[in-house]
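In: quick one, fold the following:
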Amino acid sequence: ASVTRHCRASLLFAPRVFISQAPGARPGAMSAPASFVSRSSANLEARRSDEELPLRKSSGGLSGTLATSMNLITIMIGAGVLALPKVFATIGVPIGCAVTAAGCCISIYLCDILSDSIGVVQATTGVRVRTLEDVGAACYGEHGRRITRFVINNTFLGKASVYFVLIGQNLAFLHSPPMYRGWVVCGGIVFMSLAFVRSVATLERIAFSGVICSFFYLLMVVIGSFQANAEKLGAGSDLMKLSEADPSLILPALSVMLFSFGPTDVLATVRSNMADQAGMRPAICASHIAVGLFCVTVGALGFWGFGAGVMDDVTQSMCAEVVNGHCVDGTKWVSGYLLAAAVVINLGISIPIDFYCLFSNIE
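Out: The predicted structure follows:
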């Protein structure tokens, strides 16, 4: 909120920048001296030659509210949901639901503040915001741009690294040997090629497939939970845990939820690709509500089925025998195989979306 107020105050008296196109001038030529943000955008337009980056078309974005909601859902529902049953097993279902609702509301508020800040920058400078770097530069100058660039790009790289590791672990669940480290290398080689997808239409189709895989997570966790409950794995577990709740565990649980709901690193890029940016707020709310219901269902059902002994990765609980935190071959359930396959597909789909934003930032 303080960033937004500073942005509004500092930009209120800033001169508006108007980009005009003189006859015969190259795209991005400006008729008057402009701010650093404007010059950077203009220079990029002039340098890009024949390549037309999807998010940088002068005609504006292509995505509607529904497609944007699907993009956000795909980004938010990742392999982190596999840890939700353990979170609920730690703090109980009532507190787990409350923490999920709190994380959802905080994330909606933060995304709304950031989206409003982007709108203020665009309205004041006359330049379409493509990345969060543009917001950082408008609010705090070149230092703000550099800091934002460093944080966002390293966030994307860190997330991608985690994706490759999780892909390797779930491929190892599907078939071992090789061990998961070998699968990390193989999966990285295969899925890295998807990082160079440049078509917005292709990304939207990929995002739709990601939504399907995300809800397939839910189906497999539900099936596995009922199977575990039938085998009495969760017998004797106190779902309420109100008398046993440890207040020191609530903040870590909230942190997990905030990370699950955190699409802020891609918000500027996704917003810039909307045909009507007024639909950003409905897309934020709809995607967060869908993800919130998803998290509560997965967490509560997983705890109910597998009990307090559920593993940090619920996939590793979907078997008849667990040794050193891993399922023994020959005892794995069908639902575990299907869930691991869905995780691999979903993360493979998330990679091109995140790298699309990363490459847009770098370019």
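
In: all the helices of the protein, in order from the start?
Out: For the chain, applying DSSP state H gives helices covering 2-12, 36-47, 65-76, 84-91, 93-125, 132-174, 180-192, 200-230, 250-260, 264-272, 280-306, 334-362.

In: pull out the buried positions in the fifth one.
Out: Looking back up the chat, that one is helix 93-125. Buried residues in helix 93-125, defined by neighbour count with 16 or more other CB atoms under 10 Å: 93, 95-97, 99-100, 103-104, 107-108, 110-118, 120-122, 124-125. For every residue, glycine as well, the C-beta is placed using N, CA and C.

In: hang on, the earlier thing: in JSON lines, list the helices of the chain along with mean pLDDT and distance to Gln316.
Out: Compiled in JSON lines, those are given as follows (pLDDT from 0 to 100; distance: least, CB to CB, whole Å):
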{"stretch": "helix 2-12", "mean pLDDT": "43", "distance to Gln316": "41"}
{"stretch": "helix 36-47", "mean pLDDT": "43", "distance to Gln316": "46"}
{"stretch": "helix 65-76", "mean pLDDT": "84", "distance to Gln316": "23"}
{"stretch": "helix 84-91", "mean pLDDT": "89", "distance to Gln316": "10"}
{"stretch": "helix 93-125", "mean pLDDT": "91", "distance to Gln316": "20"}
{"stretch": "helix 132-174", "mean pLDDT": "86", "distance to Gln316": "8"}
{"stretch": "helix 180-192", "mean pLDDT": "80", "distance to Gln316": "12"}
{"stretch": "helix 200-230", "mean pLDDT": "79", "distance to Gln316": "11"}
{"stretch": "helix 250-260", "mean pLDDT": "83", "distance to Gln316": "18"}
{"stretch": "helix 264-272", "mean pLDDT": "83", "distance to Gln316": "29"}
{"stretch": "helix 280-306", "mean pLDDT": "91", "distance to Gln316": "10"}
{"stretch": "helix 334-362", "mean pLDDT": "81", "distance to Gln316": "8"}
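
In: single out the most deeply packed of these.
Out: helix 84-91 (a mean of 26; mean count of other CB atoms under 10 Å).

In: chain center to stretch 184-203: distance?
Out: Offset of stretch 184-203 from its chain centre (CA atoms, centre = their mean, to the nearest Å): 16 Å.

In: not counting its own residues, what contacts it?
Out: Residues outside stretch 184-203 that contact it (CB atoms under 8 Å, 6 or more residues apart in numbering): 53-55, 62-63, 71, 160, 163-165, 167-168, 171, 178, 206, 273, 344, 347-349, 351-353, 355-356, 359.

In: redo the helices of the chain as a markdown table? Include distance to Asp312.
Out: Shown next, in a markdown table, are the helices of the chain (distance: least, CB to CB, whole Å):
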| stretch | distance to Asp312 |
| --- | --- |
| helix 2-12 | 35 |
| helix 36-47 | 43 |
| helix 65-76 | 20 |
| helix 84-91 | 5 |
| helix 93-125 | 15 |
| helix 132-174 | 11 |
| helix 180-192 | 15 |
| helix 200-230 | 14 |
| helix 250-260 | 11 |
| helix 264-272 | 24 |
| helix 280-306 | 11 |
| helix 334-362 | 14 |
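
In: looking at those, which is closest to Met240?
Out: helix 93-125 (6.1 Å; CB to CB).

In: from the contact counts, what lies against the closest one?
Out: If contacts are counted by 3 or more CB pairs under 8 Å, 6 or more residues apart in numbering; DSSP states H and E, helix 93-125 sits against helix 2-12, helix 36-47, helix 84-91, helix 132-174, helix 250-260, helix 264-272, helix 280-306.

In: in TSV: these, plus distance to Met192.
Out: TSV is the format used below for these (distance: least, CB to CB, whole Å):
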stretch	distance to Met192
helix 2-12	34
helix 36-47	25
helix 84-91	28
helix 132-174	8
helix 250-260	24
helix 264-272	19
helix 280-306	27
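
In: nearest to Gly336, of those helices?
Out: Here helix 132-174 is closest among those (CB to CB), at 6.8 Å.

In: what about that closest one, distance to the chain center?
Out: Between the centre of helix 132-174 and the centre of its chain there are 11 Å (CA atoms, centre = their mean).
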